[in-house]
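In: Predicted model, plus sequence, below.
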Amino acid sequence: MSGRPELRLDWATHEAAAFACRRWHYSRTMPVPPRIYIGVWEDEQFIGVVLFSRGASPYLFSAYGVSEIEGCELTRIALTAHESPVSRIVSIAVRMVAKQNPGLRLVVSFADPMHGHHGGIYQAGGWIYCGDTHPDFYHQDASGKKWHSRQVRKNGAPVKQFGRFRAMPRPDDMTYVETLGKHRYLMPLDAEMRARILPLARPYPKRAKEQAPEHPSGLGGAAPTRALQKH
């Protein structure tokens, strides 16, 4: 026997996903809804989640000739210390999402070099690398929280978000930070889509000499607050 722990993935609750993102993802945040939560266990110990969503941009999938309901973004891989390869975990999660959503044709994900990521887990899983996004910027407030340019207003005027008006921070009150473009990876879910995007393929980017861990470790433990939710 190899002694490798038993790996299990199943649907998870919002509470479990939020717990994992706060503890074990560098952003400490949840992505914009709608979201799909897939929990990960080793030997029945909860070790984190893989999250999928529509993505922040409404134009994310149009470049590949698919609609918003035919594509999704892998937006979080939030794992504590574990033994199973992340590429295997991601592969199983993608298959689960594809089976639950028969019309899904394409999954997109990004690796952020600003956090030392080059996309090794996607390369190991055979994803197609198609270049980097354009360099961007964000604003950082005094507490260290990051704000996208869409989340700030020069005059601080309230903006309606999720049915409520919220006061927006002013860029003059924050620090302006430039960022590198992110590495973009694609996983086609059918033969026609693979043939469509293969011409976009580029050589995989290499790992930087000095690189932060792909996913920070945290405390292990049993599933927090109703970890399972059947759909």
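Out: Everything's here; your move.
In: I'd like the domain boundaries of this protein, if you could list them.
Out: 1-134+181-231, 136-179 (automatic domain parsing).
In: For residue 73, which non-adjacent residue is closest in space?
Out: residue 55 (3.7 Å; Cβ to Cβ, 6 or more residues apart in numbering). Where C-beta positions appear, they are placed from N, C-alpha and C, glycine not excepted.
In: In terms of mean pLDDT, which of the domains of the chain ranks lowest?
Out: Mean pLDDT per stretch puts domain 136-179 lowest among these, at a mean of 69.
In: which ones are touching residue 40?
Out: Applying Cβ atoms under 8 Å, 6 or more residues apart in numbering to residue 40 gives the contacts 7-9, 46-50, 79, 82, 84, 89, 93.
In: one more time with 7 Å, if that's ok
Out: Neighbouring residues of residue 40 by Cβ atoms under 7 Å, 6 or more residues apart in numbering: 9, 47, 48, 49, 50, 79, 89.
In: For the protein, which segments count as helices?
Out: 14-24, 86-100, 120-124, 191-197 (DSSP state H).
In: how about the longest one: buried residues?
Out: Using 16 or more other Cβ atoms under 10 Å as the test for burial, helix 86-100 gives 86, 87, 89, 90, 91, 92, 93, 94, 96, 97, 98.
In: Likewise for the first one?
Out: Within helix 14-24, the residues that qualify as buried by neighbour count (16+ other Cβ under 10 Å) are 16, 17, 18, 19, 20, 21, 23, 24.
In: what's the spacing between residue 144 and residue 177?
Out: To residue 177, residue 144 is 11 Å away according to Cβ to Cβ, to the nearest Å.
In: between these two, which one's more packed in?
Out: residue 177 (12 against 7; other Cβ atoms under 10 Å).
In: What residues are recorded as beta-bridge partners of that one?
Out: Going by DSSP bridges, residue 177 is paired in beta bridges with residue 138.
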